[in-house]
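In: below are the sequence and a predicted model for it; my questions follow.
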Amino acid sequence: MESTRHWEPWNKGKLVGQKPPLKPKDIWAIRIQLQNAHQVRDLAMFNLAIDSKLRGCDLVNLHVRDITHGSKVLPRAMVVQRKTQRPVQFELTEPTRAAVTAWIEKAKLKPEQCLFPSRLTKSAHVSTRQYARIVHQWVAAIGLDPTVYGTHTMRRTKATLIYRRTKNLRAVQLLLGHSKLESTVRYLGIEVDDALEISEQTEI
């Protein structure tokens, strides 16, 4: 007689749904926390996650050569998204370039290496699951509930700030690499009527 194995849903006991973006004060709190703790890798990862607006799978899969030219970290970079196979561009602000440069130098990384290598020999880079745990550590360290925030928090944060400041839905669509405007509307969690009105006013 075969034993029946009981599988529990992955989200049992967890809050599901869209993860909220970080507020500017939260971003600065995490940055200060990481700087004070001299967590060079995590500061580079955090800043790059905010700036790039990449999905977790794309962020952990970044190679040094993707964002550098020679010994310089580029002010802009472009990667092909694994989920959609569509290219997406992103900017790297000065604080992010400084943090990433410090990490590359400390870890003595070469251009062909993954930017965030795994400590496990069987994996070339930090896994998406490990990245999720790291994000939870960041938010918990500043007193936020880690069950509420996740890796998509990192992706949504700057996109949401840009939308709130500019109301330019098309710009956010391009920055997130969405093929359809409707996807951006859902992702930002804005009202459809509001989105359509803004879209009509936005010249492309």
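Out: Arrived safely.

In: so what's the gap between stretch 65-85 and the chain middle?
Out: Taking CA atoms, centre = their mean, to the nearest Å, one finds the center of stretch 65-85 at 14 Å from the center of the full chain.

In: so for the host helix or strand of Ala140, mean pLDDT?
Out: Following DSSP states H and E, the helix or strand that holds Ala140 is helix 128-141. Mean per-residue pLDDT for helix 128-141: 96.

In: now for the helix or strand just after it, which elements pack on it?
Out: Of the helices and strands lying after helix 128-141 in sequence (DSSP H and E), the nearest is helix 151-166. Under the contact definition 3 or more CB pairs under 8 Å, 6 or more residues apart in numbering; DSSP states H and E, helix 151-166 sits against helix 40-52, helix 56-60, helix 128-141, helix 169-176, helix 181-188. All C-beta spots, glycine's among them, are computed from the backbone N, C-alpha and C.

In: any regions of this protein where pLDDT drops low?
Out: Across the chain, the ranges flagged by pLDDT under 70 are 1-17, 121, 190-204.

In: before we move on, back to that, among the helices and strands packed on helix 151-166, show me which one is buried the most.
Out: Among the helices and strands packed on helix 151-166, ranked by average contacts under mean count of other CB atoms under 10 Å, first place goes to helix 40-52 (a mean of 23).

In: picking that back up, make CSV from the helices and strands packed on helix 151-166 and add distance to Ala77 to it.
Out: Output for the helices and strands packed on helix 151-166, formatted as CSV (distance: least, CB to CB, whole Å):
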stretch, distance to Ala77
helix 40-52, 8
helix 56-60, 11
helix 128-141, 18
helix 169-176, 13
helix 181-188, 21
